[in-house]
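Novice: Turn this into a structure:
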Amino acid sequence: MRQLIVLLISACLTFPAAASPDLVKKTKSAAPRYDYRDGDIVFQGNGGIQGDAVRAATGSDYTHCGLIFRQDGKLMVLEAVHPVRVSTLKNFIHRSLPGTFKAMRLKKPIDPAALAKGRSWAGRQVGVDYDLKFRWSDDQIYCSELVWKAYEKAGTKLCEPRPFRSYKLDAPIVRKLIEHRYGGMDKLPLDEPAVSPGDLAESKLLVEVPRLNSKK
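Specialist: As a prediction, the model looks like this:
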């Protein structure tokens, strides 16, 4: 299975939960239908403690992301949950809060050989443990880190990593998560580099994937 993923593949820990009222009000429509390609990046917003904390810290509705690829003709997503795994795109969409699912891709295609290098690295991460502390090391990994590093291995830096201190850390839900995972705000490494799903979604190198049945 691992070898198959290596050949096929081009944060945030997911906590499936009921959608918060504010997000549900945004839209009750079905997720957009996209014209997918291998390597596309899919984003979503999740409920739960971590999803709420990531939203508060980043100011973005996107709290999780993954990489699209095809396996036996089916659309799949490589995502860092617990551990890094492969899910069906259908399952990924099902876990998205209403109005938060989006697919993006590079504006300019990259060299096939470079893309293959990124695919190979990404495939080898299957089974790696999820990083609850969002560190930049490779022994554990979180969702947006997985996506960022896969593209970095392919020679493309989607955005600049940011230190923890640049995020909004004062919100009660954020402080609660930090206390639980680090044992106190004073133990948080403020200069640790990080990349959030929202950071990736705002990359100037990315554009939304064309939608099917679109008049544009």
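
Novice: SS state for the residue most central in space within the chain?
Specialist: Centroid-nearest residue in the chain, with C-alpha atoms, centre = their mean: residue 65, separated by 2.0 Å. Here residue 65 is recorded as strand under DSSP: H, G, I helix; E, B strand; the rest coil.

Novice: can you pull up the bridge partners for it?
Specialist: Beta-bridge pairing of residue 65 under DSSP bridges involves residue 43.

Novice: wait, it sits on residue 46?
Specialist: No. Using C-beta atoms under 8 Å, residue 65 is not in contact with residue 46; the gap is 10.7 Å. Bear in mind the C-beta positions are built from the backbone N, C-alpha and C, glycine included.

Novice: Model confidence score at the residue nearest to the centre of the chain, please.
Specialist: pLDDT for residue 65: 98.

Novice: Check residue 116 too.
Specialist: Value for residue 116, per-residue pLDDT: 84.

Novice: separation between it and residue 208?
Specialist: 25 Å (C-beta to C-beta, to the nearest Å).

Novice: Where does pLDDT dip in the protein?
Specialist: Applying pLDDT under 70 to the chain picks out residues 1-29, 214-216.

Novice: Go again with 90.
Specialist: With pLDDT under 90 as the threshold, the chain has low-confidence stretches at 1-31, 71, 82, 110-113, 115-116, 119, 213-216.

Novice: which residue ranges form the helices in it?
Specialist: 2-8, 21-26, 48-58, 89-94, 112-123, 143-153, 172-182, 197-201 (DSSP state H).

Novice: Just name whatever secondary elements the fifth one is in contact with.
Specialist: Meaning helix 112-123. helix 2-8, helix 143-153 (3 or more C-beta pairs under 8 Å, 6 or more residues apart in numbering; DSSP states H and E).

Novice: And for the shortest one?
Specialist: Counting contacts by 3+ C-beta pairs under 8 Å, 6+ apart, the secondary-structure elements packed against helix 197-201 are strand 41-44, helix 48-58, strand 64-71, helix 143-153.

Novice: please redo it, this time with the cut-off set to 6 Å
Specialist: Using 3 or more C-beta pairs under 6 Å, 6 or more residues apart in numbering; DSSP states H and E, no helix or strand is in contact with helix 197-201.

Novice: hang on, the earlier thing: what sits against the residue nearest to the centre of the chain?
Specialist: Residue 65 sits next to 41, 43, 143-144, 147, 197 when contact means C-beta atoms under 6 Å, 6 or more residues apart in numbering.

Novice: mind redoing it with 8 Å?
Specialist: 11-12, 41-44, 79, 143-144, 147, 197, 200-201 (C-beta atoms under 8 Å, 6 or more residues apart in numbering).

Novice: what does residue 138 give?
Specialist: residue 149.
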